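Enquirer: Next come a sequence and a model predicted from it.
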Amino acid sequence: MEQIFFWSLAVGLLAAATAVVTLRNPVTNAVCLVLALVLQAALFITLEATFLAAVQVIVYAGAVMVLFLFVIMLLDVKAEARRPVPWAKAGAVLVGAVAVVAGVPKLVATFPAAREPLRWSSHAMPFGAKELGTLLFTSYAPLFLTTGVLLLVATIGVVVLCRRDPSP
Amino acid sequence: MILGEITLGHYLALSGLLFLVGLAGVLLRRSLLIVMMSLELLLNAANLALVAAARFKGIPDPQVAVFFVITVAAAEVAVGLAILVAIFRLKKSTSAEDFSSLKF
């Protein structure tokens, strides 16, 4: 069961990600990215991170992708013109891909504990919203507050950046 | 062995491949919109590795890190797209080749 879910989700995720990188029409790219993010949320569920899966769908596939599509519509971006593929860079990426596929499982298998399969546990939701919320508001409370400041600064920065007539 | 039980290595390899796809997008594409989408793929690859580590070790802390990564990524996208809109008004283009005035 774990195998079926993992392999179908993994192949789908990589296919969607490849479509994001290769296709020419920005709207198609954005829709493929939404697909990739939703598939990743499903992978989070196979890793028993249910709360993060929900956050992934709501924040990434919802809010961030609406922002992308909104900007695409706003800018009226045309499909990118074809240009010769830079083979040197593409070859470097391919070499990296081979190295990852061949190397990472072997490297991980050198740790004895990592050879044990990640089976689905019987108890539901080991780390749900409750556990993460407790951590966020106790050990990680300073970081959490800083993130709030970051979001405020980002919001103000966006408003300033996109003003039509910057008065001195 | 590869097609047997799913281990931590499978998830890490998938994360690495996803990172490479995103890296290819950042390196090979010229449209800044696509480059930013590829950046999202890079962050998601890191998130996948973190969640797999959390599941493997049985601790929730990496999931908190993923939570912060998602938040920072949202802020990054907002600011990046704002810069893109501002620069599009100036140059009427979203191609990285047209933004070379700071090139040395």
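Expert: Perfect, thanks for sending it. These figures come from a predicted structure and were not determined experimentally.
Enquirer: Would you mark the buried spots in whichever strand or helix holds B:Leu90?
Expert: Using DSSP states H and E, B:Leu90 sits in helix B:61-91. Using 16 or more other CB atoms under 10 Å in any protein chain shown as the test for burial, helix B:61-91 gives B:62-71, B:73-85, B:87-88. C-beta here means a position set from N, CA and C on the backbone, and glycine is covered the same way.
Enquirer: how far away is the most centrally placed residue in chain A from chain B?
Expert: By CA atoms, centre = their mean, chain A has its centre lying nearest to A:Leu37, at 5.5 Å. Distance, A:Leu37 to chain B, by CB to the nearest CB, to the nearest Å: 7 Å.
Enquirer: which residues touch the helix or strand encompassing that residue?
Expert: Per DSSP H and E: A:Leu37 is located in helix A:26-46. With CB atoms under 8 Å, 6 or more residues apart in numbering or on different chains as the test, helix A:26-46 has contacts from A:2, A:5-6, A:9-10, A:12-13, A:16-17, A:19-20, A:23, A:50, A:52-54, A:56-57, A:60-61, A:65, A:68-69, A:72, A:77, A:79-80, A:120, B:11, B:14, B:31, B:33-34, B:37, B:40-41, B:44, B:47-48, B:51.
Enquirer: Next, the residue in chain B positioned nearest to chain A: secondary structure please.
Expert: Closest to chain A within chain B is B:Glu5: 3.1 Å, counting by CB to the nearest CB. Assigned with DSSP: H, G, I helix; E, B strand; the rest coil, B:Glu5 falls in the coil class.
Enquirer: ok so, going back, now do the buried residues in the helix holding A:Leu37.
Expert: The neighbour-count check on helix A:26-46 (16+ other CB under 10 Å) flags A:26, A:29-44, A:46 as buried.
Enquirer: how far is that helix from where the chain is centred?
Expert: The chain centroid and the centroid of helix A:26-46 are separated by 8 Å, computed with CA atoms, centre = their mean, to the nearest Å.
Enquirer: could you check the angle helix B:61-91 makes with it?
Expert: 170 degrees (axes from the mean of the first three to the mean of the last three CA atoms, to 10 degrees).
Enquirer: tell me the centre residue of chain B?
Expert: B:Leu42 (2.5 Å).
Enquirer: Excluding chain neighbours, give the residue nearest to that residue in space.
Expert: B:Gly22 (4.1 Å; CB to CB, 6 or more residues apart in numbering or on different chains).
Enquirer: Quick check: which element contains the one you found?
Expert: helix B:8-28.
Enquirer: Measure how that helix sits relative to helix A:26-46, angle-wise.
Expert: Going by the same axes, to 10 degrees, helix B:8-28 makes 160 degrees with helix A:26-46.
Enquirer: quick one: helix B:8-28 to chain centroid distance?
Expert: 10 Å.
Enquirer: Now do whichever helix or strand comes after it: distance to the chain's middle.
Expert: Remark: after helix B:8-28, the chain's next helix or strand is helix B:32-57, criterion DSSP H and E. Distance of helix B:32-57 from the chain centroid (CA atoms, centre = their mean) equals 5 Å.
Enquirer: what's the answer for stretch B:72-80, then?
Expert: With CA atoms, centre = their mean, you get 11 Å for stretch B:72-80.
Enquirer: which residues sit against that stretch?
Expert: Contacts of stretch B:72-80 (CB under 8 Å, 6+ apart): A:59-60, A:63-64, A:67-68, A:147, A:150-151, A:154-155, A:157-158, A:161, B:36, B:39-40, B:43.
Enquirer: Also stretch B:96-103?
Expert: The contact list for stretch B:96-103 (CB under 8 Å, 6+ apart) reads B:30-32, B:35, B:87, B:91, B:93.
Enquirer: Out of those residues, the closest to A:Ala109 would be?
Expert: B:Val35 (34.9 Å; CB to CB).
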